[in-house]
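**Student:** coords below, sequence missing:
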Ligand code: AMP
Ligand code: ZN
């Protein structure tokens, strides 16, 4: 088995506050929450980035996200849900996961980027639409 903290959570070798589970995925509360209800959705299969996610699994995860959002709205009175999924840079745990972060008025959630290296958006568009 992979030496992976999220695989250990799946196999209950380390504890988690699990709020949803089925054959394919697990959802548990983030140990360092940004807001109340901050949760992580993970596939039970050890994969690392979005490149390895099969379409069928993604569709299933979408359904689970919608169900979690509904539950959070009903039980936590959330006012929004921010969905973040890091690949590579910014990805601390190398087991694919989707952050489901409930939003509340004045929760202070803010992403601060270093904008010094920004180039013109027109140049970016050229790069991303040019055919090889
Ligand atoms: P990322 O930076 O996208 O890889 O996010 C990893 C997330 O996993 C962080 O928000 C951590 O707080 C969370 N995390 C790490 N270990 C645990 C754990 N044992 N139980 C719950 N959440 C965890
Ligand atoms: Zn893993």
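**Tutor:** On my side now, so go ahead. Since the structure is predicted, the reported quantities are computational estimates derived from the model, not experimental observations. Ligands and ions are numbered 1, 2, ... in the order given.

**Student:** Every contact and neighbour count from this point should use C-alpha atoms.
**Tutor:** Fine.

**Student:** Quick check, pLDDT for the residue positioned nearest the centre of the chain.
**Tutor:** Nearest to the geometric centre of the chain sits residue 98, at 1.4 Å (C-alpha atoms, centre = their mean). At residue 98, the model reports a pLDDT of 98.

**Student:** go on, residue 132?
**Tutor:** pLDDT, residue 132: 69.

**Student:** what comes up buried for the helix ranked longest in the chain?
**Tutor:** When the chain is parsed with DSSP state H, its longest helix is helix 55-76. Neighbour-count burial for helix 55-76, counted by 16 or more other C-alpha atoms under 10 Å, picks out 61, 64, 65, 68, 69, 72.

**Student:** Phi and psi next, for residue 42.
**Tutor:** Backbone torsions of residue 42, given as degrees, to the nearest 10, read phi -130, psi 150.

**Student:** List the contacts of it.
**Tutor:** By C-alpha atoms under 8 Å, 6 or more residues apart in numbering, the contact list for residue 42 reads 6, 25, 26, 27, 95, 96, 97, 98.

**Student:** Now distance to ligand 1 too, for the residues you listed, in TSV please.
**Tutor:** Shown next, in TSV, are those (distance: C-alpha to the nearest ligand atom, whole Å):
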residue	distance to ligand 1
6	7
25	15
26	12
27	10
95	8
96	8
97	7
98	8
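
**Student:** Enumerate the residues of the protein near ligand 2.
**Tutor:** Listed as neighbours of ligand 2 in the chain under the rule C-alpha under 5 Å from the ion: 4, 6, 7, 46, 95.

**Student:** from what I can see the first one touches residue 95, true?
**Tutor:** Yes. Residue 4 is within contact range of residue 95, at 7.2 Å (criterion: C-alpha atoms under 8 Å).
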